[in-house]
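[1] take a look and give me a structure for this.
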Amino acid sequence: MLVKTFGSAIYGVDAFTITIEVGIGAGNKYHIVGLPDNSVKESLRRIESAVQTAGLRMPRQKIVVNLAPADVKKEGSAYDLPIAIAILAASGQLESTELGNFFMMGELSLDGGLQPIKGALPIAIQAKTAGFRGFILPKDNSREAAVVSDLEVYGMENLIDVIAFLNKSKSFNPVVIDTREEFYRNVNRYEQDFCDVKGQENIKRALEIAAAGGHNLILIGPPGAGKTMLAKRLPGILPPLNLQEALETTKIHSVAGKLSAADALMTERPYRSPHHTISDMALVGGGANPQPGEISLAHNGVLFLDELPEFKRAVLEVMRQPLEDRKVTISRARMSVEYPASFMLIASMNPCPCGYYNHPDKECICGPGVVQKYLSKISGPLLDRIDLHVEVTPVNFNELTSATKAEKSESIRNRVIKARNEQTVRFSNQPGLHYNAQMAPNMVRSICEIDDAGRLLIKKAMEKLGLSARAYDRILKVSRTIADLAGSAEIELEHLAEAIHYRSLDRENWAG
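    Here you go, the predicted model:
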């Protein structure tokens, strides 16, 4: 007897339908075909134990399991459930007319329990797109999948429950999530607030500008100056995710298996802070079975690289293309997958190995040329993609002990949202362009127009401060964002002057 059940495979951040065909005939061997990996091949051992625990029998006949389409590699243990149900139906132990109406995915424990799977959200989206009535999956993934409307999602604890549901011997209620209510309830929830940071008003201003224009930023300062503390609070002043961005972000984290059972939808902008020992593959994604990397997990949020020169140069260089294209393509011999990677890069670093170059009180003990060698670990092309270079100085005692309350993140965020709204209107005719940092060089000339006085100011700055030529476009983009924050239609001299101030690493002889 031939029986078909239906599941799905993940390709990048999307899913496609897999048909699980099971035939039982004369013989005594088990076969799984259709390019299964080792974890799929091992499924029959788990299934046998789970079926016996459920009080049923594993057929002692020839069982052929085909995963169609047969030319696409199948990976992971999530096919356990649809294979088990198909075997039970093919052997006459389960009679159900509902098999063709449901997607089924789930890893089986030896006792029949259902373990969580990766990619429940994109699989649920595919189930709805393919016209299936519902999706049966482990209970821990049910809230995540229930985000998809007009799809019946049943979260099950074990194989016995799935059998009872399909036999209609026990009733189960589908999991229901009000997506919009879930989204709006948590969209403004952030634990870190700028009011906790004493002093550092100039750094807060730089972070506000970065958030308003989507600019990449690097903080340079001695240990203990507050670089990490400030960076952690950046997501709290970024505009809230819209529903589309929340779904995009949730899909990526779902594919990577990063969502908890309590999460239905990600409503906070991601903040990723990998250690400097990270590999290039872990940063951009990849592996034998490609998975999203840190830059994709930071999509629509912030990627914070602490102690930037300590990262391997090869690791940093692989970010250059994703920073420009806002996506990353992982190519393998058999397949090529694309992950979105539109993130804000925030980096921090000490100015030298000892950490005290340019410190107001402590003396740098680094020898001649050491500071420049330390900074040269970061390549020019990478620095070229960072719009704001900000020097962080230590907070003095008076500021640290001041009883004055600092401005809350909510107030800063309101200004950022207002500036972003201006940019949304400006780029309304440019698909895929949402904020100033995304402007191409040809657009900078037309959108960031300056008068003769402004051109003279930039010319003098480049000559006097020794600014590099690559700083020119960056200054114009940042000054346009500063003008947006000020509600100005034109870029004024003070906007240009402030933007020039944020190019520390472009100054000649900055490192002696």
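
[2] who's in contact with Ile412?
    For Ile412, the contact set (CB atoms under 8 Å, 6 or more residues apart in numbering) comprises Phe194, Lys204, Glu208, Ala211, Ile237. Just so you know, the C-beta spots here come from the backbone N, C-alpha and C atoms, and that holds for glycine as well.

[3] between those residues, which is nearest Asn396?
    Nearest to Asn396 out of the contacts of Ile412 is Lys204 (CB to CB; 16.1 Å).

[4] name the SS class of that closest one, please.
    Three-state call for Lys204 (DSSP: H, G, I helix; E, B strand; the rest coil): helix.

[5] now for the spatially closest residue to it that is not a sequence neighbour: which residues touch it?
    Ranked by CB to CB, 6 or more residues apart in numbering and with sequence neighbours excluded, the top spatial neighbour of Lys204 is Phe194, at 6.0 Å. Taking CB under 8 Å, 6+ apart, we find Phe194 in contact with Lys204, Arg233, Gly236, Ile237, Ala406, Glu407, Lys408, Ser409, Ile412.

[6] try Ala437
    Contact partners of Ala437, counting by CB under 8 Å, 6+ apart, are Gly213, Gly214, His215, Asn216, Asp387, Lys477, Thr481.

[7] of those residues, which belong to helices?
    Judged by DSSP state H, helices contain the following of the contacts of Ala437: Gly213, Lys477, Thr481.

[8] what strands line up against the biggest strand by length in the chain, and which way round?
    Using DSSP state E, we find that the single longest strand of the chain is strand 14-25. Using DSSP bridges, strand 14-25 pairs in its sheet with strand 2-11 (antiparallel), strand 62-68 (antiparallel).

[9] for the closest residue to Lys477 other than its chain neighbours, give its distance to His501.
    Leaving aside its sequence neighbours, Lys477 sits nearest to Asn436 (CB to CB, 6+ apart; 5.2 Å). Counting by CB to CB, to the nearest Å, the gap from Asn436 to His501 is 17 Å.

[10] who has more neighbours out of the two?
    More neighbours surround Asn436 than the other of Asn436 and His501, with 31 against 18 (other CB atoms under 10 Å).

[11] low-confidence regions, the stretch 251-400 of the chain specifically.
    Confidence mapping of the stretch 251-400 of the chain against pLDDT under 70 gives the ranges 333.

[12] what about the strands in it?
    Assigned by DSSP state E, counting those that start in this stretch, the strands in the stretch 251-400 of the chain fall at 271-272, 285-286, 291-292, 302-305, 327-331, 336-340, 344-349, 388-391.

[13] what's the second one packed up against?
    What it means is strand 285-286. Applying 3 or more CB pairs under 8 Å, 6 or more residues apart in numbering; DSSP states H and E, one finds that strand 285-286 contacts strand 327-331.

[14] give the partner strands of the strand it packs on in its sheet and their orientations.
    Here strand 327-331 is paired, per DSSP bridges, with strand 336-340 (antiparallel).

[15] got a list of contacts for the strand it pairs with?
    11-13, 248, 252, 285, 290, 292-293, 296, 299, 326-330.

[16] now with 10 Å?
    Contacts to strand 336-340, defined as CB atoms under 10 Å, 6 or more residues apart in numbering, come from residues 10-14, 248-249, 251-252, 255-256, 284-286, 290-293, 295-297, 299-300, 322, 325-331.

[17] please save the CA atoms from that strand in PDB.
    Written as PDB, here are the backbone C-alpha positions of strand 336-340 (Å, rounded to 0.1, in the frame of the first residue of the first chain):
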ATOM      1  CA  SER A 336      23.200  28.700  -3.700                       C
ATOM      2  CA  VAL A 337      21.200  30.400  -0.900                       C
ATOM      3  CA  GLU A 338      20.600  34.100  -0.200                       C
ATOM      4  CA  TYR A 339      20.100  35.600   3.300                       C
ATOM      5  CA  PRO A 340      19.000  39.200   3.900                       C
END
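
[18] got the buried residues for it?
    Val337, Glu338, Tyr339, Pro340 (16 or more other CB atoms under 10 Å).

[19] between these, which is nearest Ile491?
    Comparing the buried residues of strand 336-340 against Ile491 with CB to CB places Pro340 closest, at 31.2 Å.
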